[in-house]
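Enquirer: Here's my sequence, what's the structure:
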Amino acid sequence: MINLNLPKYSFRIKSKENKLYIFDKIRKKDLILTEEEWVRQHFLSYLNEDKNYPLSLMAVEKKCTVNNMTKRTDIVVFDKTGSPHIIVECKAPQVQITQQAFDQIARYNMTLNAKFLIVTNGLQHFYCQMDHKAKEYRFLKEIPDYS
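Expert: You can find the predicted model right below:
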């Protein structure tokens, strides 16, 4: 797998029937190691190990309903009250981050109302803080640490 613009982490990877699998600490199961999954697992580790967000406050592929359609967010981090705090949209490294990715995460946030949005392909990371009252956002240099 490609080196990402994130710290290096230790993962449990195994081969089964000519496919690579990576262990997901959140869902507690082995998943086929796709390029997008590689980015997702790195970003989960980044949030947990570098930004100190507890794994117990994270969900992966959480269902949300947008315009009567069921969608799945890549990562949602909840605050201590159980409300969505951060939504992360992960793309494979070769996928360019475009307006479409921002539109996608914005649609999810219409339902979830998270304070922070992150779009990443593992090489580029975009961090936004939402101001729901003013209906605007501002880009951040990085996501704040868990406190």
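
Enquirer: C-alpha only now, for contacts and for neighbours.
Expert: Noted.

Enquirer: Return the residues in contact with Ser56.
Expert: Ile26 (CA atoms under 8 Å, 6 or more residues apart in numbering).

Enquirer: Kindly provide the distance from it to Pro144.
Expert: The gap separating Ser56 from Pro144 is 18 Å, by CA to CA, to the nearest Å.

Enquirer: Which helix or strand contains Phe126?
Expert: Applying DSSP states H and E as the criterion places Phe126 in strand 125-131.

Enquirer: Now do the buried residues in that strand.
Expert: 125-130 (16 or more other CA atoms under 10 Å).

Enquirer: And what about the residue lying closest to Leu33 once chain neighbours are set aside, helix, strand or coil?
Expert: Once flanking residues are discounted, Leu33 sits nearest to Tyr21: 4.9 Å by CA to CA, 6 or more residues apart in numbering. For Tyr21, the secondary-structure state derived from DSSP: H, G, I helix; E, B strand; the rest coil is strand.

Enquirer: quick one: Lys28 from Met1, how far?
Expert: When Lys28 is compared with Met1 (using CA to CA), they lie 21 Å apart.
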